[in-house]
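A.B. asks: I would like to see how this sequence folds:
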Amino acid sequence: ANWIGKDLTHDESLAFTKKVLKHMRERLVGYQEQYGDLYNLEATPAESTAYRLAKHDRIKYPNIITAGEPGETPYYTNSSHMPVGYTDDIFEALDKEDELQTLYTSGTVFHAFLGEKLPDWKAAAELVKTISDNYKLPYYTITPTYSVCPEHGYLAGEQKVCPKCGKSCEIYSRITGYYRPVQNWNDGKTQEFEDRRTYDIQTDR
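C.D. replies: Here you go, the predicted structure:
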């Protein structure tokens, strides 16, 4: 938050965010009783909006704090997600995200961004079980980056050039809820991808 001057990696910002989300939940309960309709407190993906608003905010308020370094493309992280370059320790990220994502009533997801695919299905199953046994957040994805060569097809990880033939590859990652070639992302999401630290799943929990 700009008025706090700290991002969500700090306890003060985390406490403030939890207070705001709890207040919003309470207000929604009141609205449901008042109008007889159901309302969600939803963590919206804001795929285009997160970039568009940050871009306009930086023009109108040059000193505003956005994600992205000064001189780089500005963007906001989705809803109350941690900064994308915060840590490569997946469990450190989950510890913080679990405190916030469980306060929403809809739309939440934690993306476990991995640099490459897991070695096999057993490793994926073990990671999923570890998360489900230790955390309460309702939705999470296992999201490896992969590349596609026009000649040789699927390649694990981010590879701009095919190691077999030298042709340019398309790099795929999850932009919000779905996979798409990174070259087709908007400027804000592209900057987010460049800033992103992928998680090390070897960390013990």
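
A.B. asks: From now on I want contacts and neighbour counts done on CA atoms only, so please keep to that.
C.D. replies: OK.

A.B. asks: count of neighbours near the closest residue to Val29 other than its chain neighbours?
C.D. replies: Once flanking residues are discounted, Val29 sits nearest to Tyr39: 7.9 Å by Cα to Cα, 6 or more residues apart in numbering. For Tyr39, the count of nearby residues is 14 (other Cα atoms under 10 Å).

A.B. asks: residues in contact with Tyr39?
C.D. replies: Contacts for Tyr39 (Cα atoms under 8 Å, 6 or more residues apart in numbering) come out as Leu28, Val29, Tyr31, Gln32.

A.B. asks: what mean pLDDT does the helix or strand that contains the third one have?
C.D. replies: Under the criterion of DSSP states H and E, Tyr31 resides in helix 11-35. Mean per-residue pLDDT for helix 11-35: 95.

A.B. asks: Identify, from the contacts of Tyr39, the entry nearest to Ser13.
C.D. replies: The closest of the contacts of Tyr39 to Ser13 turns out to be Leu28 (Cα to Cα; 22.6 Å).

A.B. asks: so what's the closest residue to Asp95 other than its chain neighbours up against?
C.D. replies: Spatial nearest neighbour of Asp95, excluding adjacent residues (Cα to Cα, 6+ apart): Tyr135 at 7.9 Å. Residues counted as contacts of Tyr135 (Cα under 8 Å, 6+ apart) are Leu94, Asp95, Asp98.

A.B. asks: what about Val109, distance to Leu103?
C.D. replies: The gap separating Val109 from Leu103 is 12 Å, by Cα to Cα, to the nearest Å.

A.B. asks: An error on my part: the question was meant for Ser48.
C.D. replies: Distance from Ser48 to Leu103, by Cα to Cα: 24 Å.
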